[in-house]
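sequence and predicted structure are below.
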Amino acid sequence: MLQKNKPKPSRKNIFAVVITYHPDIKLRERIEQIRHQVDKLLIIDNNSKSDCIEMIQGISKDLDVDVILNESNLGIAEALNQGFKYVEGFGEQYSWVLTLDQDSSCYALLVEQLIMAYEDCPFRDEVGIIGTNFKEKTTGRILHKKTQAADNWEEVQNLPTSGCIVSLAVFSEVGDFRKDFFVDHVDTEYCMRLRYKGYRVLISPKIGMIHPLGYYRVSKLHKWMRGSPMITNYPPLRHYYWTRNGVTLIKENFLRDMSWSLNQAYYLFFRRIITVLLFEDQKIIKLGNIVLGVWHAILSRGGGKS
């Protein structure tokens with residue numbers, strides 16, 4: 001059942017949640033960029049090293065930021081769940097949660113653009129999540145190319161979690177992020193679940209932040225692979241999570257969303273493997289993690305991998 005008559009987002013009712021894990025020294029600068037755009041901000045740290053904790057505690061004191069320090073790495077999904085439940089503890093004071101990664105550099109108008117996207121769309125009761133367009137840090141590549149006529153919003157299938165506002169009322173209905181995914185495809189699965197529930201996924205086509213995607217290298221030889229000249233070169237463990245969770249989603253959604261499932265299979269079993277073989281380092285370890293990810297998906301094994 002759609003949550004109608006939701007409070008519209010505003011600077012006063014948006015609570016930002018930033019997930020950290022061994023953040024770099026520019027974290028303070030990034031928190032400063034977003035702190036004045038929202039009423040309240042929470043940092044949830046997934047057991048970073050001691051010098052990172054000291055930096056986070058300093059940020060908390062200087063910028064009036066709440067902090068949760070986890071004693072182990074719970075993964076991005078469970079940390080997000082912690083954040084949403086923390087915000088729910090404030091009652092009706094906050095209605096929307098802005099989710100951010102530790103390495104997202106926000107522009108000054110990010111929140112204003114997200115609010116404008118909501119206000120300008122004609123189906124507000126159906127909106128479950130609104131994300132921002134962004135520029136990839138290394139290459140300058142724009143995430144989303146505008147395809148619709150509206151200036152301030154467009155409807156899309158999926159969004160990265162960083163730079164999104166989510167209605168607390170919708171979160172309460174749709175449920176938690178999938179902690180068994182740990183990391184990777186957490187955002188894809190949540191957007192799919194929102195759409196299955198009848199909610200719409202929106203993006204503000206205006207650039208709202210700079211955000212890195214992996215460890216990009218540029219390769220002219222890579223251009224033939226559907227027009228993407230960038231190689232993410234993620235660490236081996238990320239290949240495991242991306243594969244395991246991707247295959248899990250294919251298993252669970254093949255009959256319901258065959259087009260997405262076939263496209264996902266193409267990316268996994270052709271594009272990703274070929275990219276690793278031709279362009280990335282640590283090929284054997286990465287391919288081994290891809291195989292392990294497929295096997296664990298078949299066995300329905302989730303959670304973190306030590």
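Alright, I've got the coordinates.

what's in contact with whichever strand or helix holds Glu119?
Secondary structure assignment for Glu119, by DSSP states H and E: helix 110-120. The contact list for helix 110-120 (C-beta atoms under 8 Å, 6 or more residues apart in numbering) reads 8-11, 14, 34, 37-38, 98, 124, 127, 130-132, 150-153, 163, 165, 202-204, 206, 208-209. C-betas here are computed from N, CA, C, even on glycine.

next: stretch 81-95.
Contacts of stretch 81-95 (C-beta under 8 Å, 6+ apart): 6-7, 9, 13-15, 17, 19, 39-40, 42, 44, 66, 68, 70, 74, 97, 99, 166-169, 171-172, 176-177, 179.

mind checking the end-to-end distance for it?
15 Å (C-alpha to C-alpha, to the nearest Å).

how far does that stretch sit from its chain's centre?
19 Å (C-alpha atoms, centre = their mean, to the nearest Å).

in stretch 263-271, what counts as buried?
Burial within stretch 263-271, assessed by neighbour count using 16 or more other C-beta atoms under 10 Å, is assigned to 264, 268.

and the strands in the stretch 151-300 of the chain?
In the stretch 151-300 of the chain, the segments counted as strands under DSSP state E, counting those that start in this stretch are 154-156, 164-167, 200-211, 217-218, 230-231.

circling back to that earlier point, what mean pLDDT would you report for the helix or strand just after the helix holding Glu119?
Counting by DSSP H and E, the next helix or strand C-terminal to helix 110-120 is strand 127-136. Computed over strand 127-136, the mean pLDDT rounds to 94.

tell me which residues in strand 127-136 are buried?
127-136.

one more: stretch 179-199?
So for stretch 179-199, counting by 16+ other C-beta under 10 Å, buried means 179-195, 199.

you'd agree Phe123 is up against Arg200?
Yes - if you go by C-beta atoms under 8 Å, Phe123 and Arg200 touch, sitting 6.4 Å apart.

can you count the residues close to Lys85?
11 (other C-beta atoms under 10 Å).

where's it, which helix or strand?
Judged by DSSP H and E, Lys85 forms part of helix 75-88.

and after that helix, which helix or strand comes next?
Using DSSP H and E, the first helix or strand after helix 75-88 is strand 96-101.

chain center to that following strand: distance?
The answer for strand 96-101 is 9 Å, by C-alpha atoms, centre = their mean.

strand partners (parallel or antiparallel) of it?
Strand 96-101 pairs in its sheet with strand 14-20 (parallel), strand 164-167 (antiparallel), by DSSP bridges.

now mean pLDDT too, for the ones you listed, in CSV please.
Output for these, formatted as CSV (pLDDT from 0 to 100):
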stretch, mean pLDDT
strand 14-20, 98
strand 164-167, 97
